[in-house]
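>>> structure, please.
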Amino acid sequence: MIPWLLAALSLCTPGTGLPPRHMDSVILMAEVLEPPHANATVTMAELALALGGCSTPGCRAVLGDPPTIPTAPSALNPDQWQLLTRLLRRDAAVLAPDGSTVALGPLLAGIAVASRRAGGGSVLDATVDPLFAVTIDPLFAVTIAEALGTSFLLARGGRGATLGPGGCWDDVGDPQNYTLMGPPSLVTDAVANGAMDGVILGNRMAGSPIWVVKLLRDYYGTGNGTKEGRPPSSYRRRDFGVLAGAGKLEKEVLAMLRVLRVLPATRELLEDVGAEEEVAIARRAARDFTERYVECPAIVPRCMWGARPYRGTPKPLSLPLGSVYIHHTFSPGAPCRSFAACARAMRAMQRFHQDTRGWDDIGYSFVVGSDGYVYQGRGWHWVGAHTKGYNSRGYGVGYVGDFSATLPDADTIALVRDELLPCAVRTGRLRRNYTVRGHRQMGHTDCPGESLFREIETWRGFVVRTGLGGGISGGWRWRGG
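Down below sits the predicted model:
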């Protein structure tokens with residue numbers, strides 16, 4: 001295999017007791033490196049390029065050969081410098097405050113493009129070869145277009161993964177080692193997050209030049225987003241979708257494939273790829289990426305919120321299912337608005353369900369926080385313990401909080417109604433004519449609270465009771481979308 005591809009597919013080097021591989025560590029180092037706090041000779045983004053954040057042929061075609069690797073800045077101690085030299089590579093990742101994992105290479109490459117444009121520096125914007133008259137958007141090229149196009153090129157004919165996987169940290173309090181949960185592609189979840197953030201922050205910097213440290217702090221820090229306290233990073237899928245919509249992503253992947261066709265290091269990848277197949281690859285790559293990382297919500301895996309093991313042997317569901325049952329947790333009674341708070345709520349609910357109720361695991365299939373994320377309970381494939389008598393017929397989705405008198409905020413409602421359920425249909429886990437019911441319709445309970453129940457009555461698929469009779473037999477009218 002081509003040497004640069006082998007390097008791109010390599011896993012991150014395990015941690016060795018250095019400062020936490022957390023975005024806060026990166027922000028702290030950026031703060032002491034960048035003016036006006038230091039007599040810096042290189043920006044954080046340029047330092048990333050020097051240390052391997054732009055090592056692929058397409059990225060180097062856009063941003064040029066990387067600058068010389070500098071000596072360790074005196075503002076950093078040896079441990080900080082060692083950590084930085086490991087993190088500022090394309091595949092190296094850190095844990096962000098919102099609980100997502102972000103690869104710094106594409107993130108800082110996007111910022112470097114914007115920084116150079118703002119400062120009048122060198123960025124390849126236009127024609128690479130007269131034969132193709134290729135015009136590229138360098139911000140998309142260095143963040144996602146090259147990685148996405150190359151990943152789908154390599155996987156032609158079903159060979160290897162195209163997107164993902166995700167992974168988990170050994171300790172979210174002191175993250176050092178990140179382990180992938182399957183065979184890697186060139187666009188792991190961490191690279192996808194870093195690329196989307198690189199496009200968003202690069203676009204933001206292009207509109208208003210700003211120091212990288214402030215850009216990162218404002219984007220990833222809590223209290224800088226909505227009135228509910230969500231950081232802007234928790235909106236990355238929505239915000240990237242706006243910037244990459246209307247065929248933009250497909251266009252940029254196709255442009256990068258044509259650039260790769262003329263670069264010496266990548267010509268052989270496209271030797272037997274005709275023009276029609278090239279277009280098909282770009283279309284499929286853009287479609288699959290959009291479906292997975294824009295239209296579907298991010299789901300926090302069990303290993304990230306600190307789940308205990310399942311007790312016993314889980315029973316598999318027979319997919320696709322036909323129903324969704326909406327709950328509120330009641331206790332915890334307050335919505336969770338951060339990764340740390342939602343992870344604590346998940347652990348508390350699992351302890352209660354296992355230790356007090358004697359269940360094998362947390363009962364819900366999925367739990368919805370007000371931090372912008374869905375949390376995996378028993379997940380897509382295993383029978384839950386959420387709606388007695390109907391656990392094998394549908395998914396149980398619980399909102400964290402007591403919604404008897406108030407509603408979750410609009411974004412949190414939409415996370416299930418407009419993202420999770422349509423995603424489940426597209427991925428074959430839920431039937432197209434699925435039904436939605438509140439827990440109270442299936443048993444003697446007030447769940448999911450009066451306010452939330454009145455809300456879900458307006459959802460597509462809600463089943464309206466029209467007669468006496470209980471359970472789900474007779475007396476029901478389906479509300480279509």
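>>> from now on I want contacts and neighbour counts done on CA atoms only, so please keep to that.
OK.
>>> which outside residues touch the helix or strand hosting residue 395?
Assigned by DSSP states H and E, residue 395 falls within strand 394-399. The set of residues external to strand 394-399 that reach it, using C-alpha atoms under 8 Å, 6 or more residues apart in numbering, is 321-329, 364-369, 380, 384, 386-387.
>>> just the strands in the stretch 251-400 of the chain please.
Applying DSSP state E, counting those that start in this stretch to the stretch 251-400 of the chain gives strands spanning 299-300, 321-328, 366-368, 374-376, 394-399.
>>> low pLDDT regions in this structure?
For the chain, the stretches flagged by pLDDT under 70 are 1-17, 35-42, 118-133, 222-228, 465-481.
>>> care to break it down by domain?
For the chain, automatic domain parsing gives the domain ranges 3-295, 303-478.
>>> for residue 332, give its distance to residue 343.
Separation of residue 332 from residue 343 (C-alpha to C-alpha, to the nearest Å): 12 Å.
>>> should've said residue 311
Taking C-alpha to C-alpha, one finds residue 311 at 20 Å from residue 343.
>>> for residue 449, give its distance to residue 421.
Residue 449 sits 20 Å away from residue 421, going by C-alpha to C-alpha.
>>> repeat for residue 391
17 Å.
>>> let me see the contact set for residue 271.
So residue 271 contacts residue 261 (C-alpha under 8 Å, 6+ apart).
>>> rewinding a little: just the buried residues of the helix or strand that comes right after the strand holding residue 395, please?
Per DSSP H and E, the first helix or strand lying C-terminal to strand 394-399 is helix 410-414. Neighbour counts over helix 410-414 (16 or more other C-alpha atoms under 10 Å) mark 412, 413 as buried.
>>> got the CA coordinates for helix 410-414 in CSV?
Taking Å, rounded to 0.1, in the frame of the first residue of the first chain, the C-alpha atoms of helix 410-414 are listed here in CSV:
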residue,chain,number,x,y,z
ALA,A,410,-37.2,22.8,21.1
ASP,A,411,-33.8,21.4,20.0
THR,A,412,-34.1,18.5,22.4
ILE,A,413,-37.6,17.6,21.1
ALA,A,414,-36.4,17.8,17.5
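>>> how far off centre is it?
18 Å (C-alpha atoms, centre = their mean, to the nearest Å).
>>> what do you get for stretch 188-205?
With C-alpha atoms, centre = their mean, you get 10 Å for stretch 188-205.
>>> contact partners of that stretch?
For stretch 188-205, contacts defined as C-alpha under 8 Å, 6+ apart pick out 90-91, 93, 100-115, 139-140, 143-144, 163-167, 215, 233, 236-237, 239-240, 243, 293.
>>> give me whichever of the strands of the stretch 251-400 of the chain is most buried.
strand 394-399 (a mean of 28; mean count of other C-alpha atoms under 10 Å).
>>> who does that one pair up with?
strand 321-328 (parallel), strand 366-368 (parallel) (DSSP bridges).
>>> so who does residue 150 touch?
So residue 150 contacts 186, 257 (C-alpha under 8 Å, 6+ apart).
>>> cutoff 10 Å now
Contacts here follow C-alpha atoms under 10 Å, 6 or more residues apart in numbering; on that basis residue 150 touches 5, 162, 185-187, 253, 256-257, 260, 266, 269-270, 281-282, 285.
>>> which SSE is it in?
Per DSSP H and E: helix 146-154 holds residue 150.
>>> helix or strand right after that helix?
With DSSP H and E, the next secondary element past helix 146-154 is strand 167-169.
>>> what's that next one packed up against?
Contacts defined by 3 or more C-alpha pairs under 10 Å, 6 or more residues apart in numbering; DSSP states H and E place strand 167-169 against strand 93-95, strand 101-103, strand 178-180, helix 302-305.
>>> try it again with 8 Å
Judged by 3 or more C-alpha pairs under 8 Å, 6 or more residues apart in numbering; DSSP states H and E, the packing partners of strand 167-169 are strand 178-180, helix 302-305.
>>> can you list these in a markdown table and add mean neighbour count and distance to residue 413?
As requested, the helices and strands packed on strand 167-169 are arranged in a markdown table below (neighbours: other C-alpha atoms under 10 Å; distance: least, C-alpha to C-alpha, whole Å):
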| stretch | mean neighbour count | distance to residue 413 |
| --- | --- | --- |
| strand 178-180 | 18 | 30 |
| helix 302-305 | 19 | 21 |
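>>> which one of those lies closest to residue 66?
With distances scored as C-alpha to C-alpha, the stretch of the helices and strands packed on strand 167-169 nearest to residue 66 is strand 178-180 (26.8 Å).
>>> partner strands of that closest one, with direction?
In the sheet, strand 178-180 lines up with strand 167-169 (antiparallel) (DSSP bridges).
>>> hang on, isn't residue 179 packed against residue 101?
No. Checked against C-alpha atoms under 8 Å, the pair residue 179 and residue 101 is beyond contact range at 11.2 Å.
>>> now the helix or strand hosting residue 112 against helix 146-154, angle please.
Taking DSSP H and E as the definition, residue 112 sits inside helix 104-119. Between helix 104-119 and helix 146-154, the angle comes out at 130 degrees (axes from the mean of the first three to the mean of the last three C-alpha atoms, to 10 degrees).
>>> in the stretch 251-400 of the chain, which spans are helices?
With helices called from DSSP state H, counting those that start in this stretch, the stretch 251-400 of the chain shows them at 275-290, 302-305, 339-351.
>>> tell me which helix or strand residue 237 sits in.
Taking DSSP H and E as the criterion, residue 237 maps to helix 236-243.
>>> give me the contact list for that helix.
193, 196, 197, 199, 200, 290, 293, 294, 295, 297.
>>> quick revisit: with distance to residue 57 added, can I get the strands paired with strand 394-399 in TSV?
Below are the strands paired with strand 394-399 laid out as TSV (distance: least, C-alpha to C-alpha, whole Å):
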stretch	distance to residue 57
strand 321-328	45
strand 366-368	41
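>>> which one of those strands lies nearest to residue 71?
strand 366-368 (46.3 Å).
>>> please name the nearest non-neighbouring residue to residue 306.
residue 347 (6.8 Å; C-alpha to C-alpha, 6 or more residues apart in numbering).
>>> roughly how far apart are the one you found and residue 452?
From residue 347 across to residue 452, the span is 24 Å (C-alpha to C-alpha).
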